[in-house]
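**Student:** the amino acid sequence is not available; the structure is as follows:
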């Protein structure tokens, strides 16, 4: 494959990534966990000696943003939305990593082509 077609292919891939990024919906970082808790009430079902039943499930979102660790409880009705937002964030991260890698390769090719042209011009 020649350099010009390789450059075009990389530029096309970058454009495709940009289109996919624009199509992403709402996003948020983090992980969602399901938790069951034990309360402090004596005689509660969660403290039964035989077959205790904990309270829950409770959903908790945990993430780090700008160096600050955060967690918040998520209402059961919002779990599906939050999972979708987390998946969009993961896609966003994956796509931007691909974009960066393609951009670095594109820059290397352009630099090599410029050096090659400069060398040919000096001869």
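**Tutor:** That came in fine, so what should we check first? These numbers come from a predicted model, not from an experiment. Numbers count the residues shown, from 1 in each chain.
**Student:** all helices of this structure, in order?
**Tutor:** Assigned helices in the chain, in chain order: 3-23, 79-122 (criterion: DSSP state H).
**Student:** in JSON lines: those helices, plus mean neighbour count.
**Tutor:** From N, CA and C alone the C-beta is placed, and that goes for glycine too. Putting these into JSON lines (neighbours: other C-beta atoms under 10 Å) gives the following:
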{"stretch": "helix 3-23", "mean neighbour count": "13"}
{"stretch": "helix 79-122", "mean neighbour count": "13"}
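**Student:** wait, which of these is closest to residue 41?
**Tutor:** helix 79-122 (26.5 Å; C-beta to C-beta).
**Student:** in a markdown table, list the helices of the chain along with distance to residue 72.
**Tutor:** Formatted as a markdown table, those follow (distance: least, C-beta to C-beta, whole Å):
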| stretch | distance to residue 72 |
| --- | --- |
| helix 3-23 | 26 |
| helix 79-122 | 10 |
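**Student:** which ones are touching residue 113?
**Tutor:** 3, 7 (C-beta atoms under 8 Å, 6 or more residues apart in numbering).
**Student:** now with 6 Å, please.
**Tutor:** By C-beta atoms under 6 Å, 6 or more residues apart in numbering, the contact set of residue 113 is residue 3.
**Student:** against residue 4, how distant is it?
**Tutor:** Distance of residue 113 to residue 4, computed by C-beta to C-beta, to the nearest Å: 8 Å.
**Student:** strand partners (parallel or antiparallel) of the longest strand seen in the chain?
**Tutor:** When the chain is parsed with DSSP state E, its longest strand is strand 55-65. According to DSSP bridges, strand 55-65 forms sheet pairs with strand 31-37 (antiparallel), strand 68-74 (antiparallel).
**Student:** need the ones you listed in CSV (columns: mean pLDDT and distance to residue 88).
**Tutor:** Converted to CSV, those look like this (pLDDT from 0 to 100; distance: least, C-beta to C-beta, whole Å):
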stretch, mean pLDDT, distance to residue 88
strand 31-37, 95, 13
strand 68-74, 96, 16
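**Student:** pLDDT score assigned to the residue nearest the centre of the chain?
**Tutor:** The centre of the chain sits closest to residue 90, judged by C-alpha atoms, centre = their mean, with a distance of 1.9 Å. With respect to pLDDT, residue 90 scores 97.
**Student:** all set now, cheers.
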